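1. predicted model and sequence below, questions to follow.
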Amino acid sequence: MDTYKVLVVDDEEQNREFLKGIISEAGYDVDLASSAKEAIVKLTQDTYHVVLTDLYMPEVDGLEIIRYVVKHELGCIGIIYTGYASVETAVEAMKIGAFDYVTKPFKPEEILVVIDKAIDHLKLKEENIQLKEQLRTRYRFDSIVGTSDRMLRVFDLVEKVANTDATVLVLGESGTGKELVARAIHYNSSRAEKPFVPVNCGAIPEELLESELFGHEKGAFTGAFRMRMGRFELAQGGSIFLDEISEMSPNLQVKLLRVLQEREFERVGGVKSIKADVRIIAATNKDLDVEVKEGRFREDLYYRLNVIPINLPPLRDRKEDIPLLAKYFIDKYSVEKTGGIREFSRNAMNVLLRYRWPGNVRELENLVERLSVLCDRPVVEVDDLPDKILRGTAHVSSIIPHIELPDEGIDLSSTVSEFEKSIIIQALNRSNWVKNRAAKLLRLNRTTLVEKIKKQKLQKPAEISL
């Protein structure tokens, strides 16, 4: 916006004309009103960015104009000036929402400085609104790409829980988009205007994490030279995202449990309880059922966190989303490029569909970003793909036996079941029937492997004693 509009309100014509002259000369568009009533009429009929009003006028004073502007959320800034200043009126003016309070007599440059500051403040507010809208747009559900049935169920669940205060536990392998889901929940909730504060519990040393989360008082430990607010305080009114929650020490798990139960905490070295008006969204790439059973994660904390679980499928389990994701990332990285890649050839896409994607969506995004820089042609061919992906697809195809289809045909279900049974037994035998290790060999979650063992009715062979 090139020109900002100022409304000057004063019952004395000489004052109005004087102010109009100096403000117009500074490049502002100026309108005049001789009374508060006239000003309110103009405010209903036109858009102004600053209202500059005298305090004392007949019938209705300048404070009423400020009240009207604030009450009706007109988006303009009110400034009061007067030749009869007092502490009481100054306090009252600021209390009801005036931006500044100027006393007469004043020099032309003084009033212009106040108006310039008001316009800067207005610009900042507009930029903040735009930024928040951009964030909200960025993290709407359609920015989490996918049309597979499993992802549609995720979208539905996110939409249902977003505008509640329920604690959410996001589960999924590394690179599946857990933080993106957490941000989508926050920015589509009633807390969207407040902070979203992420904390990677696995990246901060244990001895520092407590202070990072809850803050500390001055002198609480060596090096604590001043009081410091923690992430929970910084997130007040908003949401805190505790990523890699399974890496939290048992001592901190107890303190987090208290926050969930009592909605309050103390800074390290402090005795004063601080209320925690914060929504907690936690995430992990580990199986917390296993962590609980093996004593590494508190069962009571697990149930407090697991109010609304959201399971993000690995990319290998939603391969129908790979072409859509690839297109999304191609568009993302070609925004600032005149050339760059436009698509994958059919053969190259078939390779991507056969690859297991251990790094999930993050790995696919990194691939597209790399190709957008290094590939010299618009269509990505198989020989443009990195060796890791080519080896990965070759490995998968090499372990599948070649089966000739007999003339009479085969029972596909039983054939696949027998092949699966054979592979599972090999993994179990190789890991001495330790299910965690077998699951890793098969790149499965432990719970999935246990279900398959039950379905196949597999039992560990009895040991023979001599």
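-> It's in.

2. for the closest residue to residue 268 other than its chain neighbours, phi and psi?
-> With sequence-adjacent residues excluded and distances taken as C-beta to C-beta, 6 or more residues apart in numbering, residue 268 is closest to residue 216, at 3.9 Å. Where C-beta positions appear, they are placed from N, C-alpha and C, glycine not excepted. Phi and psi for residue 216, reported as degrees, to the nearest 10, are phi -150, psi 160.

3. now for residue 216, how many residues are close by?
-> Counted with other C-beta atoms under 10 Å, residues neighbouring residue 216 total 22.

4. which residues sit in contact with it?
-> 224, 227-228, 230, 267-270 (C-beta atoms under 8 Å, 6 or more residues apart in numbering).

5. between the residues you listed, which sits nearest residue 154?
-> The nearest member of these to residue 154, counting by C-beta to C-beta, is residue 230 at 30.7 Å.

6. neighbours of that closest one, just the number please.
-> Counted with other C-beta under 10 Å, the neighbours of residue 230 add up to 22.

7. could I get the pLDDT score of the residue nearest to residue 268?
-> You'll see residue 216 listed with a pLDDT of 90.

8. how near is it to residue 229?
-> Separation of residue 216 from residue 229 (C-beta to C-beta, to the nearest Å): 9 Å.

9. where do the strands sit along the stretch 201-350 of the chain?
-> Listed in chain order, the strands found in the stretch 201-350 of the chain under DSSP state E, counting those that start in this stretch are 239-243, 264-265, 274-275, 279-284, 308-311, 343-344.

10. among these, which is nearest residue 442?
-> Taking C-beta to C-beta as the measure, these were each checked against residue 442, and strand 308-311 came out nearest at 18.6 Å.

11. looking at the strands of the stretch 201-350 of the chain, which is buried most?
-> For the strands of the stretch 201-350 of the chain, ranked by mean neighbour count under the definition mean count of other C-beta atoms under 10 Å, the leader is strand 279-284 at a mean of 26.

12. by neighbours, which of the contacts of residue 216 wins?
-> Each of the contacts of residue 216 was scored for neighbours by other C-beta under 10 Å, and residue 267 scores highest at 24 neighbours.

13. could you pull up phi and psi at that one?
-> Main-chain dihedrals, residue 267, degrees, to the nearest 10: phi -70, psi 160.

14. closest to residue 356 out of the contacts of residue 216?
-> Out of these, the one with the shortest distance to residue 356 is residue 230. That distance is 39.7 Å, counting by C-beta to C-beta.

15. the residue nearest to the closest one when sequence neighbours are not counted and residue 208: what is the separation?
-> Closest residue in space to residue 230, ignoring its immediate chain neighbours: residue 215 at 3.3 Å, by C-beta to C-beta, 6+ apart. Taking C-beta to C-beta as the measure, residue 215 and residue 208 are separated by 12 Å.

16. repeat that for residue 266.
-> Residue 266 sits 17 Å away from residue 208, taking C-beta to C-beta as the criterion.

17. still on that earlier bit, just name the closest of the contacts of residue 216 to residue 177, please.
-> Distance from residue 177 was checked for each of these by C-beta to C-beta. The minimum falls on residue 230, at 26.7 Å.

18. tell me the confidence at that closest one?
-> Reading off the confidence values, residue 230 has pLDDT 91.

19. is it true that it touches residue 214?
-> Yes - under the criterion of C-beta atoms under 8 Å, residue 230 makes contact with residue 214 at 4.4 Å.

20. overlap in contacts, the two.
-> residue 267.

21. more crowded one of residue 215 and residue 208?
-> With other C-beta under 10 Å as the criterion, residue 215 and residue 208 differ in neighbour count, and residue 215 comes out ahead with 23 against 9.

22. how close does that one sit to residue 224?
-> From residue 215 over to residue 224 the distance is 10 Å, taken as C-beta to C-beta.

23. surely residue 81 is in contact with residue 102?
-> Yes - because the distance of 4.2 Å satisfies C-beta under 8 Å, residue 81 is recorded as touching residue 102.

24. between these two, point out the one with more neighbours.
-> The residue with more neighbours, out of residue 81 and residue 102, is residue 81; 23 against 17, by other C-beta under 10 Å.

25. for the more buried one, what are its contacts?
-> Residue 81 sits next to 52-55, 101-104, 106, 111 when contact means C-beta under 8 Å, 6+ apart.

26. what residues of stretch 98-112 count as buried?
-> Along stretch 98-112, these residues count as buried under the neighbour rule (16 or more other C-beta atoms under 10 Å): 98-102, 111-112.

27. between residue 81 and residue 102, what contacts are shared?
-> Counting by C-beta under 8 Å, 6+ apart, the residues touching both residue 81 and residue 102 are residue 111.

28. pull the number of nearby residues for residue 66.
-> Per other C-beta under 10 Å, the neighbour tally for residue 66 reads 24.

29. secondary structure element holding it?
-> Using DSSP states H and E, residue 66 maps to helix 62-71.

30. buried stuff in that helix?
-> Within helix 62-71, the residues that qualify as buried are 62-66, 68-69, counting by 16+ other C-beta under 10 Å.

31. state the distance from residue 330 to residue 375.
-> In this view, residue 330 and residue 375 are 11 Å apart by C-beta to C-beta.

32. any shared contact partners between those two?
-> In terms of C-beta under 8 Å, 6+ apart, residue 330 and residue 375 are both contacted by the residues 340-341.

33. low-confidence regions, the stretch 201-350 of the chain specifically.
-> 335-339 (pLDDT under 70).

34. now residue 444. Nearest residue, chain neighbours left out?
-> For residue 444, the nearest residue in space outside its immediate sequence neighbours is residue 452; the separation is 7.8 Å by C-beta to C-beta, 6+ apart.

35. again but with residue 236, I slipped
-> Spatial nearest neighbour of residue 236, excluding adjacent residues (C-beta to C-beta, 6+ apart): residue 277 at 5.6 Å.

36. how many residues are close by the one you found?
-> Residue 277 has 15 neighbouring residues, counting by other C-beta under 10 Å.

37. for it, list the residues it contacts.
-> Taking C-beta under 8 Å, 6+ apart as the contact definition, residue 277 lies against 236-237, 263.

38. same check on residue 150?
-> 313, 317-318 are the contacts of residue 150 under C-beta under 8 Å, 6+ apart.
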